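Participant: The following comprises the amino acid sequence and a computationally predicted model.
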Amino acid sequence: MEEDKKKVRLKSIFVLLLILFVGGVFTLHILPRGIAKGFDLLTGVNLDSHDLATRYGMGIISRLIGLAILLPVFFRLNVMKNFTYRITGTCFVLSWMFFVYIVANLEVDGMKYATPQLILLMVLECFVIGFYEEILFRGVLLRQFMELFEDGQGKCMCAVLTSSLAFALVHLMNLFTGARIEAVLSQVVYTFILGIAFSALLIRTNWNLLWCGLIHSLYDMASGFGDFAVLQQTENVTVSPQTVNAGAYLINLCLFIPLLLYGIFLLRKRNISV
């Protein structure tokens, strides 16, 4: 009987992974191109993906449409479990390491190169991305893996590792955008670490999806200000292609080790309820 339940859960997770993959491809690649093509046909204006305002706007619209399509499917499959949304002092205490990374990544100097409208679009996109990814990968997928694995000390860690791996591997789709393979592989590794950290935070805050979505959004927002400085540089000077060696990526990945250790620390010997 228990074996049959496990098989059903495995099939459910396989279906969810397929939905997430297909939904990701549709939301992040097919839908933006369709919107751009339709806008071109209706207005005669060709949207430039290198324009930050266009990129932010497209990111917001495509993910909101993605959520509008996926959430009813998840509710119908009964994979959206109960969450908590009340922010308490415990949430702040458990998130101190995340605040360190947010402050460390903050690139406020870039703000002087941007208009208020552009800053607003960037902030909105970060919030949409933060909640989009937390709902899909922690809110839905992590809970399913928690139900799949047997009870025991390793149950929580196995669920966190597998759901975080799925979250990381989804970023391989960036290879189709022309990104350098070294950059994408580096992104896969650090998003795996981020997946572990955010999973640990979600579990330790009693599945507070609101709080984890906010922290994720603030993390993305901190580094998002750097986009404006890059934009200014590319507009004013001719930037020659630069080769980034593997050592630079390795150093960057090492900076995530404290966050990885903290995530594992949060998960230590906890009696986790699904």
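Facilitator: Looks like it arrived, so ask away.

Participant: use CA for all of it now, contacts and neighbours both
Facilitator: Will do.

Participant: pLDDT of whichever helix or strand residue 167 is part of, averaged?
Facilitator: Using DSSP states H and E, residue 167 falls within helix 153-170. Regarding helix 153-170, the rounded mean pLDDT is 88.

Participant: Quick one: distance of it to the chain centre.
Facilitator: How far helix 153-170 lies from its chain's middle: 14 Å, per C-alpha atoms, centre = their mean, to the nearest Å.

Participant: buried ones in it?
Facilitator: The neighbour-count check on helix 153-170 (16 or more other C-alpha atoms under 10 Å) flags 155-170 as buried.

Participant: Check which helices and strands that helix is in contact with.
Facilitator: Under the contact definition 3 or more C-alpha pairs under 8 Å, 6 or more residues apart in numbering; DSSP states H and E, helix 153-170 sits against helix 143-148, helix 181-204.

Participant: Would you tell me which of the ones you listed gets closest to residue 41?
Facilitator: The closest of the helices and strands packed on helix 153-170 to residue 41 is helix 181-204. By C-alpha to C-alpha, the value is 32.9 Å.

Participant: hang on, the earlier thing: could you check the angle helix 181-204 makes with the helix holding residue 167?
Facilitator: Orientation check (axes from the mean of the first three to the mean of the last three C-alpha atoms, to 10 degrees): helix 153-170 against helix 181-204 gives 140 degrees.

Participant: who's in contact with helix 153-170?
Facilitator: In this structure, residues lying in contact with helix 153-170 by C-alpha atoms under 8 Å, 6 or more residues apart in numbering are 21, 24, 137-138, 141-143, 145-146, 149, 187-196, 199-200, 267, 269-272.

Participant: Give the next helix or strand downstream of the helix or strand that contains residue 18.
Facilitator: Per DSSP H and E: residue 18 is located in helix 2-25. Heading C-terminal from helix 2-25, the first helix or strand you meet, by DSSP H and E, is helix 31-43.

Participant: How about stretch 56-66, which residues are buried there?
Facilitator: Buried residues in stretch 56-66, defined by neighbour count with 16+ other C-alpha under 10 Å: 56-64, 66.

Participant: now, among those, which is nearest to residue 217?
Facilitator: Of all those, the one with the least separation from residue 217 (C-alpha to C-alpha) is residue 60, at 12.9 Å.

Participant: what's that closest one in contact with, if anything?
Facilitator: Counting by C-alpha under 8 Å, 6+ apart, residue 60 touches 124-125, 128-129.

Participant: pLDDT at it, what is it?
Facilitator: As predicted, residue 60 sits at a pLDDT of 93.

Participant: about what we covered before: cross the buried residues of stretch 56-66 against helices and list the overlap.
Facilitator: Within the buried residues of stretch 56-66, residues falling in helices by DSSP state H are 56-64, 66.

Participant: Could you point out the helix or strand that follows the one helix or strand in the chain whose mean pLDDT sits lowest?
Facilitator: Every helix and strand in the chain was compared by mean pLDDT, DSSP states H and E; the lowest is helix 226-236, with a mean of 62. Later in the chain than helix 226-236, the nearest helix or strand by DSSP H and E is helix 246-254.

Participant: So what touches that following helix?
Facilitator: Outside helix 246-254, the residues that reach it (C-alpha under 8 Å, 6+ apart) are 182-183, 186, 189-190.

Participant: at 7 Å what do you get?
Facilitator: Contacts with helix 246-254, where a contact means C-alpha atoms under 7 Å, 6 or more residues apart in numbering, come from 186, 190.

Participant: For residue 105, list the residues it contacts.
Facilitator: Counting by C-alpha under 7 Å, 6+ apart, residue 105 has contacts 222-223.

Participant: ok, 10 Å please
Facilitator: For residue 105, the contacting residues are 99, 219-226, by C-alpha atoms under 10 Å, 6 or more residues apart in numbering.
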